[in-house]
Structures are given as structure tokens and as C-alpha cells.
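*Asks:* Just need the structure, nothing else, for what follows:
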Amino acid sequence: MSLIVQKYGGSSVADPESIKRVAKRIVETRKAGNEVVVVVSAMGDTTDELMDLANQVVPLPSGRELDMLLTAGERISMALLAMAIKGHGLDARSYTGSQAGMITDAQHGSARIVDVTPGRVREALDEGAIAIVAGFQGFNRGTGDITTLGRGGSDTTAVALAAALNADVCEIYTDVDGIFTSDPRQVPSAQKIDRITSEEMLELAAAGAKVLYIRAVEYARRHGVTLHVRSSFNNNEGTLVVNPVDGEISVEEPLIAGIAADLSQAKITVAGVPDIPGKAAQIFTIVAKAGANIDMIVQNVSEAATGRTDISFTLPKTDGAGTLAALNDHQSDVGFQTLQYDDQIGKLSLVGAGMRTNAGVSAKLFTSLFEAGINIEMISTSEIRISVVTRADTIHDAVRVVHTAFGLDGDAVAVVHGGTGR
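*Replies:* Residues are numbered from 1 along each chain as shown. Okay, here's the model as predicted:
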């Protein structure tokens, strides 16, 4: 008997008919002889609606009370799904994150899992029941409070349970047929990938691919969990995210696994920085204390006449205002001249393990963008990734051009069954 953890996103349980369809799939999996644990997100846009409701009541809601409010969404969907499964004559038991043993730190809104003690879930399975667990939420032992895990929290919940229960596979159900060579909403010719390494998926997730969140992929890689990303709207095989054995080399490892675009970042340029040792460290210490997560960094060559240089870096738009304020507060200490803020940028990332052993990837990327008249502002690389920053209004054209240049276009139009990819 295999143990399968299934996670269903908000678009897969968006309404009563969707919940009944998901319940039927779960029942079929159980009747096939498998033990089944299910992790569910809130229905449709429930979390966003609850957040809007809180903001209408007070501009800055308390983190503790906001978590208490937001976790109601998953409790609704888990209970409804358990009811639907029982309607098929099988036993199903729903559990909140705390009941399922999801122990977290005390950080409201973005808690991290520190332990998983799924005793009640294991007991339900041993008694022949299907366990339904609310995603996105946990419990802190020190404070006794409910917490939420932040973006991608339900994915992370599913992977953590799969690891703790030693599941055979963790199935992530969404409204597309798997992981594609690019976002099928922006590139209709994108092709489904049958198999991708966790290393490549980490790079794609970090670069803005939203079908899987980076925390879930990191957890799966660390604990050796195999992920199967597939559609909840059909029974087609999806995409396996695997952890290759050390030293394993794929005979036909693709040059490029996929292309991701990210419009959530902004660029700050610290202009006129004295070009002396320690200034970069001083700047990024200030940025770190402001809580900003830095992505790409570029430092210009110093101007001989002035002895000054410019340092540019990208960060999430949500961190922009706080970082600018922190840098302005320390302008006299650092000695820079001006700050420039640009939130009209887009990041394109090309990812593929095959880059390690193939020359000419950079040349082809830059040539395709040049021929399309798209200017590159920043460049960053890793062993299996090349990222470039362009103007926001050209990013989708850039993705399509590069997708074609690397021969990733398929003959069929990619199908998006829902509307969000989650």
C-alpha cells in the first residue's frame, strides 16, 4: 500500500462542484489501495477577500488576529471536502494545522515549520480514514498561538507532511497540466515538462515561476520528497520533480528546462558612492537591517575623476519604501550622493542543467533579445541560470522571443483549466 499526499490549491476547490470533483478523485485514489492524506487551500480567492475585509476594519491589523482570521479559509474547505468524501461512503477526518502537528516558530504571517508531529493523521490512516489537513497554517508551542506560513504555505504543508509520514509521493494539484517551459498564460506554445530536477525547479521558482513555491521545493529537496505536479481537471500525468542521486547524469539532459518572468521586483541605484573599501558592506548592512531580500547586484566601474561609483540592486517592490527610507537615514554616514528607484523593471530567467556542458547559451540569449530590440539593464548568472533585467513593458515579448530562440515552442496550445495557476 502506497502513502500519497495530495495538495489542492484554491482554484481546484473554488466552488461546491469543484470540491465534489476533487472528492471523487481522492476516493478513486483510496479505492485503488492507497493511503491518502489531503492538504487543501482556501476556496478560490477567499484568503484575499479575508485580507481585504481586515483592511476595511483597520489599516494595520494585528498579526496574531490576522492569522486567526486567514486560517478560517482553509478550515472551511477542509470541512466541506471531508463532507463530500463521506458522501461517497468513505471515512474522512479533517484537521487544522495545529491538530495535524504542524509546529512553527512564532513569526505571524510568515512562520517557518520547525517540527511535524502528525500523530493524529497517522492514527486516522491506520483506522482506514482519509485525512484532510488545512494547509498554510501551524501552531507555535511557546505562545500557544495559531500561525500562517505565508505565500505557498499549503504547498509547504503538503511537502512537510509527506516527509514526516515517509510518503511515496507528494502530488501538487493545480489548474494546469504540470510544469511548463514557460507560463502558458503568457506563452501559449509552452510545452509541458515530464521530468525536472529539484535544482532546476528551485531556480525557476526563485525566478518567478508560480506553479510551485520555492519554500516547498527547498523542503522537498532537503528531505528527499518526490513531487508530482498535475492538473485536478483531468487524469493526465503531470511533471515529476525529482532529486537525482549524487553523480547521476541524464543521458539526454535538456539544455534549457524553462524560462520564467518576474514583474514583482524593483531596482534601487545608490549613485555617487565613494569607491573605497567597506562602502558596499555598509550599504548592504543597512539594507539587511531594513529586512529587504536582495536579488541582483551590479557595481559600476569607478570614475577616475571623482573616485565615486554607482551600486544598483534589485529587491521585491514590497521592500522598496522601507529600504529607501533606511538608506536616506544613513546618507551622511555612507556618503553617497543620490538614490534612484525604478519599479518598472522585469526579470527574465533562463534555467537548465544542460548549461553546465553546453557553450553558446549566453550568446544565443543576448542575440535573440538584441534582434527583438530589447535592451538589457542587468545580468546575473549561476551554474544553471542566466537572469537579465529589462523594461517591464517588454518582459513578455522577451520571454516569447527567447522561448522560440531555444526551440521550446510546441505545436499545440497549452491548456489552462482555471485562471490562476494555483
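
*Asks:* all helices of the stretch 201-350 of the chain, in order?
*Replies:* Here the stretch 201-350 of the chain has its helices, by DSSP state H, counting those that start in this stretch, at 214-223, 279-289, 320-329, 331-334.

*Asks:* residue ranges for the strands of the stretch 301-422 of the chain, please.
*Replies:* Along the stretch 301-422 of the chain, the stretches classed as strands by DSSP state E, counting those that start in this stretch are 308-316, 338-342, 345-351, 378-382, 385-391.

*Asks:* now swap in the stretch 51-200 of the chain and tell me
*Replies:* Under DSSP E, counting those that start in this stretch, the stretch 51-200 of the chain gives strands at 92-95, 102-104, 113-116, 130-134, 137-139, 146-148, 169-174, 195-197.

*Asks:* now the spatially most central residue of the chain, nearest residue through space, not along the chain?
*Replies:* The residue lying closest to the centre of the chain (CA atoms, centre = their mean) is Tyr213, at 1.9 Å. Distance criterion CB to CB, 6 or more residues apart in numbering; nearest residue to Tyr213, sequence neighbours excluded, is Gly152 at 2.4 Å. Where C-beta positions appear, they are placed from N, C-alpha and C, glycine not excepted.

*Asks:* tally of neighbours for that neighbour?
*Replies:* 20 (other CB atoms under 10 Å).

*Asks:* Arg195 versus that one, what's the distance?
*Replies:* To Arg195, Gly152 is 22 Å away according to CB to CB, to the nearest Å.

*Asks:* neighbours around the nearest residue to Gln107 once chain neighbours are set aside, how many?
*Replies:* Spatially, and ignoring its direct neighbours in sequence, Gln107 is nearest to Thr147 (7.1 Å; CB to CB, 6+ apart). Other residues lying near Thr147 total 31 when counted by other CB under 10 Å.

*Asks:* Show the pLDDT at the residue nearest to Tyr213.
*Replies:* You'll see Gly152 listed with a pLDDT of 87.

*Asks:* What of the one 4 residues further on?
*Replies:* Reported pLDDT at Thr156 in the predicted model: 95.

*Asks:* Farthest from the middle of this structure: give me that residue.
*Replies:* Outermost in the chain, CA atoms, centre = their mean: Ala305 at 45.3 Å.

*Asks:* what ranges do the helices span in the stretch 1-150 of the chain?
*Replies:* With DSSP H, counting those that start in this stretch as the criterion, the stretch 1-150 of the chain has helices spanning 16-31, 46-57, 63-86, 119-126.

*Asks:* Can you say which of those helices is packed in most?
*Replies:* Of the helices of the stretch 1-150 of the chain, the one with the most neighbours on average (mean count of other CB atoms under 10 Å) is helix 63-86, at a mean of 20.

*Asks:* Need the CA coordinates for it. PDB is fine.
*Replies:* Provided in PDB are the C-alpha atoms of helix 63-86 (Å, rounded to 0.1, in the frame of the first residue of the first chain):
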ATOM      1  CA  GLY A  63      -0.500  39.800  13.100                       C
ATOM      2  CA  ARG A  64      -2.000  37.400  15.700                       C
ATOM      3  CA  GLU A  65      -5.600  38.300  14.900                       C
ATOM      4  CA  LEU A  66      -4.900  38.400  11.100                       C
ATOM      5  CA  ASP A  67      -3.600  34.800  11.300                       C
ATOM      6  CA  MET A  68      -6.600  33.700  13.200                       C
ATOM      7  CA  LEU A  69      -8.800  35.300  10.500                       C
ATOM      8  CA  LEU A  70      -7.000  34.000   7.500                       C
ATOM      9  CA  THR A  71      -6.900  30.400   8.700                       C
ATOM     10  CA  ALA A  72     -10.700  30.300   8.600                       C
ATOM     11  CA  GLY A  73     -10.500  29.900   4.800                       C
ATOM     12  CA  GLU A  74      -8.700  26.500   4.900                       C
ATOM     13  CA  ARG A  75     -10.900  25.300   7.700                       C
ATOM     14  CA  ILE A  76     -14.000  25.900   5.500                       C
ATOM     15  CA  SER A  77     -12.600  24.000   2.600                       C
ATOM     16  CA  MET A  78     -11.200  21.100   4.600                       C
ATOM     17  CA  ALA A  79     -14.600  20.500   6.300                       C
ATOM     18  CA  LEU A  80     -16.500  20.700   3.100                       C
ATOM     19  CA  LEU A  81     -14.200  18.300   1.400                       C
ATOM     20  CA  ALA A  82     -14.400  15.800   4.300                       C
ATOM     21  CA  MET A  83     -18.200  16.000   4.000                       C
ATOM     22  CA  ALA A  84     -18.000  15.400   0.200                       C
ATOM     23  CA  ILE A  85     -15.800  12.300   0.700                       C
ATOM     24  CA  LYS A  86     -18.100  10.900   3.400                       C
END
